[in-house]
Every structure is written in structure tokens, then in C-alpha cells.
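A.B. asks: with the sequence up front, the predicted model follows.
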2 protein chains.
Amino acid sequence: MDGVRRGEVNVLSGILSRSDPRPSVLPDGLRVLRSGSATQGVLTTNEEFSAWLREREATDSMTVEQVPLDDMRGWHFSAGRAALVHDSGKFFSVGGVDVSRTGRGPRSWQQPIIRQNEVGILGLLAKEFGGVLHFLMQAKIEPGNRRQVQLSPTVQATRSNYTKVHGGASTPYLEHFLRPGRGRVLADVLQSEQGTWFLGKRNRNMVVETTDDVPVRDNFRWLTFGQIRQLLTVPNMINMDSRTVLSCLPSDTSGWLFDPLAGNGDCADPEFAFDLQRSLQASEAEGRHTDAEIISWLNDVRIDTAIELRPVGLAQLEDWELSRSRIEHRQGKHFRVIGVSVASGQREVTQWAQPLIAPCDVGLVAFLTRRINGVLHILMRASVEAGFLDVAELGPTLQCNPATYADLPPQERPRFYDYVLAARDNIRYDVLLSEEGGRFYHAECRYLVLECDAEPAVLEPHPDFRWMTVRQLMALLRHHNYVNVQARTLLACLHALW
Amino acid sequence: MDGVRRGEVNVLSGILSRSDPRPSVLPDGLRVLRSGSATQGVLTTNEEFSAWLREREATDSMTVEQVPLDDMRGWHFSAGRAALVHDSGKFFSVGGVDVSRTGRGPRSWQQPIIRQNEVGILGLLAKEFGGVLHFLMQAKIEPGNRRQVQLSPTVQATRSNYTKVHGGASTPYLEHFLRPGRGRVLADVLQSEQGTWFLGKRNRNMVVETTDDVPVRDNFRWLTFGQIRQLLTVPNMINMDSRTVLSCLPSDTSGWLFDPLAGNGDCADPEFAFDLQRSLQASEAEGRHTDAEIISWLNDVRIDTAIELRPVGLAQLEDWELSRSRIEHRQGKHFRVIGVSVASGQREVTQWAQPLIAPCDVGLVAFLTRRINGVLHILMRASVEAGFLDVAELGPTLQCNPATYADLPPQERPRFYDYVLAARDNIRYDVLLSEEGGRFYHAECRYLVLECDAEPAVLEPHPDFRWMTVRQLMALLRHHNYVNVQARTLLACLHALW
């Protein structure tokens, strides 16, 4: 621990200090960080949580069987086998699309893609117990989950869910996220999801604080942010929907200073933890680029790149084969579209069928980090994805499916691909996490955070990459369509490192 | 002047103070405010500016003649008179659209609308002279301008302009806004334009600071922000493109305090001026709503309202009549589409024709303001406009074409319509300003800012309205698609009031 740097942040108490000592209500960002220090639990001890989770795993179950796409009850192909649609015409559909990308790196291809126009709610309910913010997490099974029970936000509902298109029961706790009667909004942002699998999909990420009495159902538990932070190191435990909502939690401490080490002795790498918090509080002048320069760079990519989409029937897709049972790429790359029949004793409806996207391998997603002028920065990539509403968003340094590159020479692999695979001593985070199990089948990515201070290549200027402080990224997370879902996962996971 | 409030902001020098006295580079927001204090000019005196403007008005001219739509050289109707398109297939086109709005206030209608997919650049070049930021303003004539010469930003260029689709000369100073060689970016935001006249139109609003030597062409002059602020009180002087770029200027003073009255004795209402600056520096806790609550409210409107657009041929539009010469509403409401033939001795090309939208009356646009807990707030309306990329943006309290309501009973007029028309003593700003003369013919709006502390009705809760501080609005202007073009004009005009 570097004494000079501790001195700089002028820590007065164990947890908080402020250069301006006027009494004031704590900013929400600081209340979240304080909750993050409660790693042992307050309302639910870690032992109680573990016992509850074992019980959920023993009690809840879901039988998932692969069935041919033609045999999915409630689904049919539209005329000419153009698209796979739900009999209600709602929910979601799988169609084909022809993508032409012009500008830097022009190319074109065809692929199946999920269309889901409605905006769902990913809602996390918060409440203070004993002066500490708690979050109501749900043990939830999704048909695509390899690890069946994962922790989801309080509410994870498409509009079809809560308007009951597929005949299920009402969504518990939904009323806390709707007007009237909604509590205090801590965060509310429309965010994109996987732009390579979804066309224009967005979810509304909400964190709402209540002071109401909230009855706790069997498959829900109140956890501190500290407990959740630690669970982010357990493979396939915190689901994608939780991760994206957690990334949107308030982080602005409005001039208050926070010492991550004062309240928590469990941290694996105190220096990295300290530098993370310092980067979260870095002023604009401490960043490699100003906020305006970052947005300007993203605007350059958005203006210089054009994406043209043209609908194509599933049966007409080049390079893809549509059979009775599935849709798959002729070279076995990218993903398959499969059908599943689901039986559940615990979900809203007990029997249903649906298509799922099954990726052909485990994704590789990484943040490269390093100190620049003493402040930790993350190397962000402008990620152009066909399904985005506005061409490009900030993505992780690396985001790819390795199988796509297995037969290609090194120079055609993504930048930093070999570097990430070769990493050993500089790995700060390396956990396998699932993508959304309601749409994706056994979709897992290896999420990594690397420290790259010793690697000069990362400093080479490149039009697709920019270094940003954690504060800059967290500030952009308050607004729609800046940060993609893989980067949001890694930003949530950074909290596991302090 | 209220001494207690002066004391609160702890003014140490005539212009600047800071609670934390560490030496530091001035934040850009403060450099802009400092330039705003230079109302007498630095590089160009006000007398020199006036002489130059008179000279431009004497020298530059444009002959604009109305011609039938069928006779516009370079333009033709597509098959079935469906749309009016440029022979190059680029530039812009006028087509018809059927709009269905569901959710709160469902209704549907048809109208002509401009399609212009390409993103243009509205670029303002900045440079420091004598320690004061200056901005390179252009005296520019557009065919739709009633007052021919207006002040535009340094660069006002569609992509067709600068890739020379219509055969003009290259755009001066454009290189300062393109990579490589671009200077320091002070602002760069993709912003919407009139969503009732344009389909999905966006422009890139840029302010770039250079340290290069910049040759000054005859129709350009460097002005301080103080000079520009004062010109915002002259009818039809600062054009729409200037106003939207000016609204995006940096305003964050990062903890530095600014006394608007120390450097400027010209201000008409010192108390309002002081309260404006205080609202610009108000903390989140001083606002009626938190930042997250404002965004949450806008998300509610975006999710609860659906806009469906369906292309309709111009000849098939209900309620509109397409003749050889023009397109007009059968009841004479809304606007006409007319053709003009233009001859200019000063523009890139000397002769061209084009369609223009000619509104049927002078628009009425107003901010209602009042102090809430001592802090000045503006009443913003969630403005749902058919051409917006994302359903709704923050608009002024009132924004309408009075002719639309001339024959309707009072209860069907927009909220605060009669209140604004009846205003007398509480008017702080009231100036006629032009909309973009490159697309609109003699399109003017009366822009007003009213003080409404004495009016209890403005505090009645309403789902379409929220009170915001100036700081909250300015912060959202750093991001795309939050604040509509009429509200951006009024936010620029607020600077005329200190």
C-alpha cells in the first residue's frame, strides 16, 4: 500500500471523508459503496445465503429437452419458412438478415437474428436495513442455463411476460417498477443487449429503492452489494440481467472519498483495489482523454460506418442450413438455432417450447487495463454490431468467439487475441459467466480483467480503441446506448476486485 | 442584489473563485463563461462588427423566386408522384408518411416530411486571443431566410455539401472538424432537428478549439461569447444552426464559481441573471428531481408511447393537396411545400432550385421558469415528435403553431398556451428567431422565457412535464437525443439574460 497515495485521498474515518465537512445526505453512489463493504451480510448471513441457495437448487428444477424447430408447440414458420414466430405474433421471432457494413473494414454477411421489439424491464429492488442498502435477488432457472439456478434481479420481465401473452402468472414485485407507486429511482437506463444476436433489442435497467414492507418470497433474498460482489467470482452465479443492472448502480460519490480497504480485509490485490477506486473518482483532467474527446471518437465511428440491413428468409440465408430440426452455419461457426421443450414446476407456466440460440463455443471477453499518469485506465473498443440502434457502442478490449478464428492466420485474429490467451501473472479476474438463459443455450463467456502496465503494445494508437478511466465509463452508463452488454458485465465484475 | 446569496457563492475576485484554491487549468465551462463576460469584444470591437455586418448585407445577396415544384431544375417526382427527389438520388427528399401514435393521447395523421439520412456537421471553430476564447462566426445567406444575412457557425455542411454532390466548391474551414488534424474537441454531440418536419434527421454539433493560424475570410469574424450573447437579442440574427451549437458549449465549471455581474453592467435583470448562474451550478440535491428521476420519466414516455410510421405517396396523402406548384394542407394549416429557384453570387454554386417547407404561421415557443426552494427551474415537456429516433425528447414548456388551434375551443389548446399569450410583466426574453433557412421558408418562431413564480398552476403535477435546473439540462446536452432543437435554442438564449 502506497502511503503517499493514501495520503492524497485524505481518509478521515474508516469509510468516508469529505474535503467539505458540511453535513449532507450521503450521495447514492456512496451508499452503494458502503453496502459493498458489507461482505459478511447484514440481513442474510453468508451461511444463510448458502443454505438457501442449496435448498433452491434441490427444490427448483426445469426439464429441458431439445426438439426439432418444426415440433415446437406454440411456434410456427411463417410463409416460405422465412421466420420462426410465436403463434400469438408477440413474444419474439427469429428471422434472417443481410448485413452490409461500409466505412472502415467493409464487409457483408447473412445470419439468423432474434427480433424482439418490446422493451422489457430488468428491475432490482433496493431497501435499507440497518442503514445498509440491500438488493432483492432472485434464484431463477432459465431453459438455456447450464448451471440451472442463477441469481437474477428482482424482476426480469418482457412486456409479453407481464401482459401475460404466454399465459403465465403475474410477475412478483413488478408493481415497484411501474407508476404509480414506484419508489425512489436510483437508476433507469435503456440499454442494448447482444447486437450480434438481437436486432435493436433494448431492456430498461432499473434500480428502485422502496421504504415499503416487502414480503420475501421463497426464491428471493435481500443481499448487500458486498455479498453480490463476492458472488461475481463464482462461475455462472450472477446472471447476465443482474450484471447489466448492477453495472448501472449509482457510482458518483460527489466529492466524498471512499477507502475500499478500510472496511474489507478480503481483497486479493489491495493495490489494484485502491487504484480501481481512485480511477472511479478520477477527475476529467486525470483521464487520457476528456469526456468530449471520447464521445467525439465514438461519433466518428458512428458517422464513418454505415450498416445496411435487409430482411432475408431463413430458408434463403447464404452459408446457413435450415433443416426440420435446427438452423446451423455450414462451417459449424458462430451459433445454431435450436428448439427446446421445457417443463418446470416453478415457473409461471409449467410447459412451453421456444427457440434458443446456441453458440458454437465459449466466448472470450477481456478488459486490458493499465495506469496512465498513475491513474488506472481501461482500453475500450468501438464495437460495431449489426443489431445496435446507433451503429457502435463502447465494448471491451476483446470480445470474440474463438471458433470463428480457429482456422485463420494470426494476422486475421482480433487485436490482443493472442495476448489475452497467453496471459498468466497479470490476470486480475477470470470467471466463466452465462449470457441470458431465456434466449441463449449454454452460452458462456470467459470474462477477464488483465493488468498490462508492462506491455508497451497496448499504448499504440489505433482508431478502434481509446483508454478511459472507470469514472468516465460509469458516467456514460447513466445514459442509453453508450456501453455494450459485455462491457457492462465486466464493469459489474470490477466490483469483485476491491 | 441579494447580499446573502452573493455571500453564499463566496466571490473572491471579479470573475472567479474556488473553494479549493489549488492552482489548476481553468475548466472549459469557465473559459466559455469568461468569454461571455467580454461583451465589448476583444479582437473585433462591436463597432467593427457592425460595420462588417452592414458590408456583408450590402455585398452578399441571393435572389429567391418561387417556382412550381414540377419546374425545379435538378429535382423530379418519383413514380406516381410519391416523393420529390434530387436527380442525384442524394441531398434530401420530400415524401409522405402516415403516423400512428399509441399510448397516452393516441392519434394518427398523414403529412409530407423531409427525409435526409446523412448526418451533417454544424461546426464552430474556437481559438483563444488575449486569453479569451473567440468563435469564428459566418455571415451566411440561406434561401429561406426572411432576413437574408444571418450568423451561422463556421461550418454548416451536409455530407452532400462536403462530398460535393451538388457540384459546389469545398467548404471552408471543414478540415478543422475532420480527422486527422482536428483540434481539441470542446463539444461533439449528435442532436435531432425538428421532428415534425424531418424524419430521423440528426446533425453533429461540434465545437473545436485550434491553436493554428487561421486565415479569416471576408464573410467570417472572430467574436467573443459575450458578443454572441448580446446578438441573441437581435431578431433573426443568430441562425438556428448557431443556436444549437452554442447550446452545446461546455458549461461545467467543476466547482469554480462564477459571478455573472462582476464583469458586466449591461444586464437587464441582475436578480434573474444571478439566479440563472446559480441554477447552472446547482447540485443534484437542489433540484426538484434527481437526474435519474428525470431520465426515468423520459423513459416512461418512451416506453408507453409507440409511434408507427408508414410511407405514403405524396399524391395519396389524406388532407393534403399536391398540385403542380405546391403541396398544401386542405385547411391551410401546418405548412406548405414550395419550390424555389435560387441565384447567388456568393454561395458554392451560383444557381440551383430546391423545395422548402413554408410554415403557415409564426411558431410560439416558451420556457416557463420559477424558483423552487430558491433555485431557478425550467418546466420541460416530454415532446413526442414523429421524426425522432427515440420517440420523445425534452422540449420547451410550450411549442406550437398557433394557426393549428385558431378554430379550437380553449380546452383543446396546448397547456399554458393562453397563459403565454397573456404574459406581460413576467417576460424575460421575447425575440423572433428563424429556423434553418436551407430547408424552411420564412420559418420564424417567437421565443419566450417567462418568470412564473406568482402562478400556482405551473406547479400542478402533470405526466408530460417536469421541473429541471439549468445544470441538469446543460448536462444532458452533452449526450445525444435528450433535448430537442427548440429547447436548445432557448437554452442558448438564456445566455442573453446574464
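C.D. replies: Everything's here; your move. If you're wondering where the values come from, they're calculated on a predicted model, not measured in any experiment.

A.B. asks: and the stretch 351-498 of chain A, which of its residues are near chain B?
C.D. replies: Within the stretch 351-498 of chain A, the positions lying close to chain B (CB under 8 Å from any CB of the partner chain) are A:L389, A:D390, A:R478, A:H479, A:H480. C-beta here means a position set from N, CA and C on the backbone, and glycine is covered the same way.

A.B. asks: and if we set it to 10 Å?
C.D. replies: With the criterion set to CB under 10 Å from any CB of the partner chain, the stretch 351-498 of chain A comes near chain B through A:L389, A:D390, A:P463, A:A475, A:L476, A:R478, A:H479, A:H480, A:N481, A:Y482.

A.B. asks: surely A:T290 meets B:E209?
C.D. replies: No: A:T290 is not in contact with B:E209 according to CB atoms under 10 Å; the separation is 11.2 Å.

A.B. asks: overlap in contacts, the two.
C.D. replies: Contact criterion CB atoms under 10 Å, 6 or more residues apart in numbering or on different chains; residues shared by A:T290 and B:E209: B:D28, B:R184, B:V185, B:L186.

A.B. asks: nearest to chain B: which residue in the stretch 1-150 of chain A?
C.D. replies: A:V119 (5.4 Å; CB to the nearest CB).

A.B. asks: mind listing what that residue touches?
C.D. replies: With the criterion set at CB under 10 Å, 6+ apart, A:V119 makes contact with A:T158, A:R159, A:L190, A:K201, A:R202, A:N203, A:R204, B:N299, B:R302, B:I303.

A.B. asks: about what we covered before: which of the shared contacts of A:T290 and B:E209 count as buried?
C.D. replies: Neighbour-count burial (16 or more other CB atoms under 10 Å in any protein chain shown) is assigned, among the shared contacts of A:T290 and B:E209, to B:D28, B:V185, B:L186.

A.B. asks: the residues of the stretch 351-498 of chain A next to chain B, buried ones only, as a ChimeraX selection?
C.D. replies: Here is the ChimeraX command that picks out the buried ones among these, judged by 16+ other CB under 10 Å:
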select /A:389,390,475,476,478,479,480,481,482
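
A.B. asks: where does chain A dip in pLDDT?
C.D. replies: A:1-25, A:160, A:162-169, A:260-265, A:346-349 (pLDDT under 70).

A.B. asks: distance check, A:Y447 against A:S100.
C.D. replies: Distance from A:Y447 to A:S100, counting by CB to CB, to the nearest Å: 31 Å.

A.B. asks: the more surrounded of those two?
C.D. replies: Neighbours of A:Y447 and A:S100, each counted by other CB atoms under 10 Å in any protein chain shown, are more numerous for A:Y447; the result is 23 against 14.

A.B. asks: returning to that earlier point: name the nearest of the shared contacts of A:T290 and B:E209 relative to A:Q486.
C.D. replies: B:V185 (26.8 Å; CB to CB).

A.B. asks: in three-state terms, label that closest one for me.
C.D. replies: At B:V185, secondary structure determined by DSSP: H, G, I helix; E, B strand; the rest coil is strand.

A.B. asks: that one bridge partners, please.
C.D. replies: For B:V185, the beta-bridge partners are B:V208 (DSSP bridges).

A.B. asks: go ahead and confirm it touches B:L124.
C.D. replies: No: using CB under 10 Å, B:V185 is not in contact with B:L124, being 11.4 Å away.

A.B. asks: which residues are common contacts for those two?
C.D. replies: Common neighbours of B:V185 and B:L124 (CB under 10 Å, 6+ apart) are B:F177, B:M206, B:V207, B:V208, B:E209.

A.B. asks: any chance of those in JSON lines, with distance to A:C493 too?
C.D. replies: Listed next are the shared contacts of B:V185 and B:L124 as JSON lines, based on distance: CB to CB, whole Å:
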{"residue": "B:F177", "distance to A:C493": "38"}
{"residue": "B:M206", "distance to A:C493": "35"}
{"residue": "B:V207", "distance to A:C493": "36"}
{"residue": "B:V208", "distance to A:C493": "36"}
{"residue": "B:E209", "distance to A:C493": "37"}
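
A.B. asks: of those - the most surrounded one?
C.D. replies: Sorting those by how many neighbours each has (other CB under 10 Å) puts B:V207 first, at 29 neighbours.

A.B. asks: need the contact list for it.
C.D. replies: B:V207 makes contact with A:292, B:28, B:32, B:122-126, B:133, B:135, B:153-154, B:177, B:183-189, B:245-246, B:248-250, according to CB under 10 Å, 6+ apart.

A.B. asks: among those residues, name the buried ones.
C.D. replies: A:292, B:28, B:32, B:122-126, B:133, B:135, B:153-154, B:177, B:183, B:185-189, B:245-246, B:248-250.

A.B. asks: take these and keep only those in helices.
C.D. replies: Among those, the ones falling in helices (DSSP state H) are A:A292, B:D28, B:V32, B:V245, B:L246.

A.B. asks: nearest to B:Q110, of those?
C.D. replies: Ranked by distance to B:Q110 (CB to CB), these are led by B:V245 at 33.2 Å.

A.B. asks: about what we covered before: report the two of the residues of the stretch 351-498 of chain A next to chain B separated the most.
C.D. replies: A:P463 and A:R478 (26.4 Å).

A.B. asks: and whichever residue of the stretch 201-350 of chain A sits closest to chain B, how many residues sit next to it?
C.D. replies: Residue nearest to chain B within the stretch 201-350 of chain A: A:S296 (3.7 Å; CB to the nearest CB). Counted with other CB under 10 Å, the neighbours of A:S296 add up to 23.

A.B. asks: SS state for it?
C.D. replies: Following three-state DSSP, A:S296 is assigned to helix.

A.B. asks: wait, it sits on A:T290?
C.D. replies: Yes: assessed by CB under 10 Å, A:S296 is found in contact with A:T290 at 9.0 Å.

A.B. asks: shared neighbours, those two?
C.D. replies: B:R184, B:V185, B:L186.

A.B. asks: all helices of the stretch 301-450 of chain A, in order?
C.D. replies: Along the stretch 301-450 of chain A, counting by DSSP state H, counting those that start in this stretch, helices occupy A:417-422.

A.B. asks: got the residue ranges for the strands in it?
C.D. replies: A:306-312, A:320-322, A:327-329, A:335-344, A:351-359, A:363-372, A:375-384, A:392-395, A:398-400, A:427-434, A:444-451 (DSSP state E, counting those that start in this stretch).

A.B. asks: sheet-wise, list the partners of the last one with their directions.
C.D. replies: With DSSP bridges as the criterion, the sheet partners recorded for strand A:444-451 are strand A:363-372 (parallel), strand A:427-434 (antiparallel).

A.B. asks: chain center to the longest one, what's the gap?
C.D. replies: If you compare the mean C-alpha spot of strand A:363-372 with that of the full chain, they lie 16 Å apart, counting by CA atoms, centre = their mean, to the nearest Å.

A.B. asks: in that strand, what's buried?
C.D. replies: So, applying 16+ other CB under 10 Å, buried residues of strand A:363-372: A:G363, A:L364, A:V365, A:A366, A:F367, A:L368, A:T369, A:R370, A:I372.

A.B. asks: surely the fifth one is in contact with A:V483?
C.D. replies: Read it as A:F367. No: counting by CB under 10 Å, A:F367 does not reach A:V483; the two are 12.0 Å apart.

A.B. asks: could you tell me which residues touch both of the two?
C.D. replies: A:M380, A:P396, A:L473, A:L490, A:L491.

A.B. asks: need the contact list for the closest residue to the fourth one other than its chain neighbours.
C.D. replies: Pointing back at A:L490 there. Using CB to CB, 6 or more residues apart in numbering or on different chains and skipping residues adjacent in sequence, the residue nearest A:L490 is A:F367, 5.0 Å away. Applying CB under 10 Å, 6+ apart, we find A:F367 in contact with A:378-380, A:396-398, A:420, A:428-429, A:447-452, A:473, A:486-487, A:490-491, A:493-494.
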